[in-house]
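Visitor: give me the fold of what follows.
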Amino acid sequence: MTDKQAKWQRQEQAVRATQMAFDLSSEVQKSIKKQAIDEELTPSDMIRKILALDVKSKKTRQRLSFNLSDEEIIQLAQRFNVDPDDKRAVKQQVADLLIQHTKPTS
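Guide: Predicted structure coming up:
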């Protein structure tokens, strides 16, 4: 079997998978999400681990993301005194601010 055929079969199996969603209390959801972060897993993989199912994905580098409107980018660029067209500079300033936010105050 070629790599292409094997990939197609895996994709076909994934399409046939059944997704389950749960309405659990905020406390339960937070606990599972915190455990996942501590173990560098996705919440989905954490649930699989709790259920003693195979966890096939590698540990993940958790990313924080959020959406900004063009107006918000301009607002942040002004706040940080950078060019609004330089989204990379805005992103770096936001990252620096988030890092500072997590540092304990003396």
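
Visitor: in stretch 17-37, what's buried?
Guide: Residues of stretch 17-37 classed as buried: Ile32, Ala36 (neighbour count, 16 or more other Cβ atoms under 10 Å). For every residue, glycine as well, the C-beta is placed using N, CA and C.

Visitor: just stretch 61-78 next, same as before
Guide: Ile73, Leu76, Ala77.

Visitor: which of these sits closest to Val28?
Guide: Val28 lies nearest to Leu76 out of those, by Cβ to Cβ, at 34.9 Å.

Visitor: could you measure from the closest one over to Ser44?
Guide: Applying Cβ to Cβ, to the nearest Å, the value for Leu76 to Ser44 is 32 Å.

Visitor: over to Lys91?
Guide: Computed as Cβ to Cβ, the Lys91 to Ser44 distance reads 27 Å.

Visitor: would you mind pulling the contact partners of the helix or strand hosting Lys91?
Guide: Using DSSP states H and E, Lys91 sits in helix 87-102. With contact meaning Cβ atoms under 8 Å, 6 or more residues apart in numbering, helix 87-102 is reached by Leu64, Ile73, Leu76, Ala77, Phe80, Val82, Asp83, Pro84.

Visitor: quick one: contacts for the third one?
Guide: When contacts are counted by Cβ under 8 Å, 6+ apart, Leu76 is found next to Leu68, Val90, Gln93, Val94.

Visitor: give me the pLDDT value at the spatially most central residue of the chain.
Guide: What sits nearest the mean C-alpha location of the chain, by Cα atoms, centre = their mean, is Arg63, with 4.4 Å. Arg63 is assigned a predicted lDDT (pLDDT) of 77.

Visitor: so where does it fall, helix or strand?
Guide: Going by DSSP H and E, Arg63 is not in any helix or strand.

Visitor: rewinding a little: so which of the buried residues of stretch 61-78 are in strands?
Guide: In strands, defined here by DSSP state E, there are no members of the buried residues of stretch 61-78.
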